[in-house]
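Chemist: What follows is a predicted structure for the sequence shown.
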Amino acid sequence: MLLIPQPASRALGAVAVAALLFGVAACASKPATESVASAPASTPAAAPSVPVTNLPPWADHLKQYEEAYFVANPTFAVSQGRHEFDGHLPDWSAAGLQQQVEWLQQQRKQAQAYTDAMLTPQQRFEREYLLARIDGDLFWLQDAAQPFHNPAFYTGSLDPSVYLSRPYAPLEARMKAFIAYARAVPAAAAEIRANLQTPMPKTFVQYGIAAFAGYADFYRKDVPAIFADIKDPDLQVALAASIAQAADAMQGLADWMKTLQASANDDFALGPDRFAKMLYATERVDTPLPELEKIGRADLQRNLDALKQACAQYAPGKTLHDCVLKMNHDKPKDGPVEEARKQLVMLRQFVADHQIVTIPSDERALVHEAPPYNSANSAYIDVPGPFDKGMPSTYYIAPPDPSWSKADQEAYIPGKADLLFTSVHEVWPGHFLQFLHSNRSPFQFGQLFVGYAFAEGWAHYAEQMMWDAGLGNGDPETHVGQLSNALLRDVRFLCAIGMHTQGMSVQTCETLFREQAFQDPGNARQQAARGTYDPAYLNYTMGKLMIMKLRADWTASRGGRDAWRAFHDQFLSYGGPPIPLVREQMLGDQDDGALFAE
């Protein structure tokens with residue numbers, strides 16, 4: 001998955017996605033005490049609001065919004081390649097969060113003041129794109145009150161990986177930036193603890209314990225080795241001191257959350273009204289929930305029927321569970337990281353040979369094992385932002401939790417066919433290729449703000465699209481791998497609706513993952529828990545289905561299968577707005593307003 005919650009973060013894993021969804025909160029940035037990083041000497045102030053009676057040209061307004069957003073969300077700015085914000089963390093004080101809400105509300109009012117008559121058709125689209133981003137941020141800050149209830153709101157913005165693994169500057173400069181960041185962590189941890197209200201849902205508590213303790217371990221165990229080649233003794237002393245303080249602060253948060261376990265509850269649901277508002281505010285989807293659930297159940301059944309057919313060839317006489325188990329027992333001989341590296345070479349060639357979508361550069365993604373602090377999901381990719389020119393992207397694959405039983409650890413390692421479609425999802429032609437396109441969009445706002453359903457919908461759509469295009473040459477084992485991923489996302493879709501609007505329990509959701517998506521126990525536990533703190537993880541299937549409907553409508557009069565490449569290129573050119581806005585742009589007067597196929 002993509003690192004989609006720092007407002008449009010590009011590290012796409014469970015912690016990452018939560019950051020993308022929930023990490024929008026960040027107010028005026030705070031410089032680290034005695035900063036040794038090349039960050040601004042003083043904290044920039046958010047741009048003042050402009051009276052709606054004195055509006056600048058639309059392009060200037062958008063630029064002003066982006067710059068003020070960077071100031072308010074410095075970790076997002078850094079992820080996009082604006083390294084003058086290195087070492088800064090957001091202002092997560094209650095006053096700072098309220099300031100962010102008020103600023104967004106004012107920005108919404110100003111954007112609405114630009115009437116259709118004042119704007120070109122392209123600018124009207126840009127206005128709706130901006131309003132959707134503002135509404136999404138306001139939903140998580142206000143309606144869902146994520147800063148006060150959900151530890152996942154913070155974890156993506158705390159991620160220091162940009163300083164550690166992205167070679168945007170010499171190692172010594174990045175070391176200074178990390179020191180400044182680490183020095184800011186204790187104050188941020190204090191704000192997080194002050195904000196989070198108790199009692200807290202059990203799954204939130206467990207997530208917080210794992211994430212915050214994971215950061216502490218990562219600081220202590222992994223960071224010193226990354227900067228070991230820097231021989232400056234003063235910097236090494238500063239690094240050791242900052243790591244000790246940051247690790248103590250994160251471990252303190254984790255230890256505090258451990259004390260919440262006894263009082264933890266199951267009160268995580270958004271409820272039907274807020275869930276429906278989430279869908280519209282973040283993705284501009286207004287489909288009634290009963291209809292949306294029906295759509296999800298139909299897709300689940302379609303994929304189950306396809307699995308039965310594939311298993312009849314691949315594992316005749318076996319149950320579907322045993323068929324999927326057989327596929328997953330075919331493990332990569334040299335491990336998933338090495339296998340993924342081989343898969344990427346083949347997949348890129350397949351995309352080129354079959355004219356799937358334009359590959360706009362010779363860039364390649366690296367593949368590495370995920371660090372401990374970011375291993376809450378099996379795989380994700382970190383893609384540098386548009387201001388970090390020429391920087392490598394990294395596809396991370398997480399090892400199993402060492403605390404699990406040996407059998408559960410072995411089951412967690414994906415089979416080769418399963419991993420193949422994870423590589424499709426993350427790299428070719430999924431997230432990596434998608435961001436190669438968005439980073440080249442002529443519309444800078446679209447380069448920066450890539451939405452959850454657009455990014456994850458595209459990557460999940462790519463899995464089925466590649467199979468339909470001939471990946472695997474009809475091999476039933478390969479098809480089982482593709483379908484296992486599709487069923488996983490179908491169950492996410494149904495669990496999100498069920499747990500947040502219908503009273504479905506976490507245990508029932510976990511059972512669905514095991515019985516309908518045929519997941520191993522470790523994955524089933526993780527996936528069910530994630531649905532409580534990431535209620536928008538239905539966006540994988542929802543986005544995929546909207547793209548499939550749009551493709552069918554757009555290509556119907558343009559050559560069908562022969563028009564796929566043109567469709568994909570145009571779809572990706574918009575950056576990452578809500579898919580209904582893309583539909584309006586691509587279909588124009590031909591848009592019948594139906595987001596999903598019947």
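Modeler: Happy to help now that I have it. Residues are numbered from 1 along each chain as shown.
Chemist: What mean pLDDT does stretch 463-471 get?
Modeler: For stretch 463-471, the mean per-residue pLDDT is 98.
Chemist: Ok, stretch 566-581 next?
Modeler: 97.
Chemist: What residues of it count as buried?
Modeler: Buried positions in stretch 566-581, judged by neighbour count with 16 or more other CB atoms under 10 Å: 566-568, 571-581. C-beta coordinates here come from the backbone N, C-alpha and C atoms, glycine included.
Chemist: Nearest to residue 419, out of those residues: which one, please.
Modeler: residue 568 (23.4 Å; CB to CB).
Chemist: Shouldn't that closest one be within a strand?
Modeler: No - judged by DSSP: H, G, I helix; E, B strand; the rest coil, residue 568 forms no part of a strand; its state is helix.
Chemist: Could you verify my assumption that it touches residue 357?
Modeler: Yes - with contact defined as CB atoms under 8 Å, residue 568 counts as touching residue 357 (3.9 Å).
Chemist: which neighbours do those two share?
Modeler: Shared between the contact lists of residue 568 and residue 357 (criterion: CB atoms under 8 Å, 6 or more residues apart in numbering) are residues residue 429.
Chemist: if we can go back for a sec, show only the entries of the buried residues of stretch 566-581 found in helices.
Modeler: Secondary structure defined by DSSP state H assigns 566-568, 571-572, 579-581 of the buried residues of stretch 566-581 to helices.
Chemist: Which single one of the residues you listed is nearest to residue 460?
Modeler: Relative to residue 460, and with distances defined as CB to CB, the nearest of those is residue 579, at 12.5 Å.
Chemist: rewinding a little: put together a markdown table for the ones in helices among the buried residues of stretch 566-581, with distance to residue 242 on each row.
Modeler: Conversion of these to a markdown table gives the following (distance: CB to CB, whole Å):
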| residue | distance to residue 242 |
| --- | --- |
| 566 | 51 |
| 567 | 49 |
| 568 | 45 |
| 571 | 44 |
| 572 | 40 |
| 579 | 42 |
| 580 | 45 |
| 581 | 43 |
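Chemist: Out of those residues, which is nearest to residue 109?
Modeler: Ranking those by separation from residue 109, with CB to CB as the measure, puts residue 581 on top at 20.3 Å.
Chemist: ok, now which ones touch the closest one?
Modeler: Counting by CB under 8 Å, 6+ apart, residue 581 makes contact with 125, 128-129, 132, 284, 574.
Chemist: Show me where the stretch 451-598 of the chain has its strands.
Modeler: Counting by DSSP state E, counting those that start in this stretch, the stretch 451-598 of the chain has no strands at all.
Chemist: With residue 588 as the reference, measure out to residue 64.
Modeler: With distances defined as CB to CB, to the nearest Å, the gap from residue 64 to residue 588 amounts to 30 Å.
Chemist: Just want to know which of the two has more residues nearby.
Modeler: Set side by side, residue 64 and residue 588 show unequal neighbour counts under other CB atoms under 10 Å, the larger going to residue 64 at 17 against 9.
Chemist: helix/strand/coil for that one?
Modeler: Per three-state DSSP, the secondary structure class of residue 64 is helix.
Chemist: Please verify my assumption that it contacts residue 56.
Modeler: Yes - A contact is recorded between residue 64 and residue 56 when judged using CB under 8 Å, the distance being 7.1 Å.
Chemist: Phi and psi next, for the residue nearest to residue 65 when sequence neighbours are not counted.
Modeler: With sequence-adjacent residues excluded and distances taken as CB to CB, 6 or more residues apart in numbering, residue 65 is closest to residue 107, at 6.1 Å. Backbone torsions of residue 107, given as degrees, to the nearest 10, read phi -60, psi -40.
Chemist: okay, now residue 107: neighbour count?
Modeler: Counted by other CB under 10 Å, the residues lying close to residue 107 total 24.
Chemist: Test for you: state the pLDDT assigned to it.
Modeler: At residue 107 the predicted local distance difference test score is 97.
Chemist: circling back to that earlier point, quick check on the contacts of residue 581: which are buried?
Modeler: In these, burial by neighbour count holds for 125, 128-129, 132, 284, 574, counting by 16+ other CB under 10 Å.
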